[in-house]
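Asks: Output the structure for:
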Amino acid sequence: MRHSSHATIEGAPRFEIRCRSEPIRVAGALEGALKARIGAIHARVGRVPITLAVPFLGGIQTVGAVGPFDFELEPVDVAIEEFELRCDTVLGPDGLACGLEGGVDCKWEIDLSGVLPGRVSRASVEFAEDEEPEER
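Replies: Here you go, the predicted structure:
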């Protein structure tokens, strides 16, 4: 017996996913202490001569002097003995909701042909259109 058949299956299922999370708590902290001290710094530069080359006077001549120089720095204290920063926050105090929606389109076309051994004198197959598929 020769047989052939053609079937088309189409579908476009939609899907929707919803989820909800508990509130998300975030906490952080920073602590520290700083102390610095610079002692006295004294600097002194002695006399600095100012010289000038004058050709008609016969070479280099000292025309003056600058100095002495002094530099003095009094003690500097910097102190932050304790520093503390704390942060507590809650993301989504009533919970966070998120969702995903989508769909899939699909279409199958099946052609089937073949030969069954034996003979069939008469056969028919009928399908009811309102019939729901059986669950397994």
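Asks: Please enumerate the strands of this protein.
Replies: Ranges of strands in the chain, per DSSP state E, are 2-11, 14-21, 24-38, 41-45, 48-54, 59-66, 69-73, 76-91, 96-103, 106-115.
Asks: who are the neighbours of the second one, in terms of helices and strands?
Replies: This means strand 14-21. strand 96-103 (3 or more Cβ pairs under 8 Å, 6 or more residues apart in numbering; DSSP states H and E). Where you see a C-beta, it was placed from the backbone N, CA and C, and this is true even at glycine.
Asks: Check the third one too.
Replies: Under the contact definition 3+ Cβ pairs under 8 Å, 6+ apart, strand 24-38 sits against strand 76-91.
Asks: average model confidence for the strand it packs on?
Replies: On average, the pLDDT along strand 76-91 is 85.
Asks: Likewise for stretch 110-119?
Replies: Throughout stretch 110-119, pLDDT has a mean value of 77.
Asks: Just give the number of residues close to residue 96.
Replies: Number of residues near residue 96 (other Cβ atoms under 10 Å) recorded here: 13.
Asks: For it, give its distance to residue 104.
Replies: Per Cβ to Cβ, to the nearest Å, residue 96 is found 27 Å from residue 104.
Asks: picking that back up, can you tell which of the strands of the chain is closest to residue 129?
Replies: strand 2-11 (15.1 Å; Cβ to Cβ).
Asks: Who does residue 28 form a beta bridge with?
Replies: Here residue 28 sits in beta bridges with residue 87, as judged by DSSP bridges.
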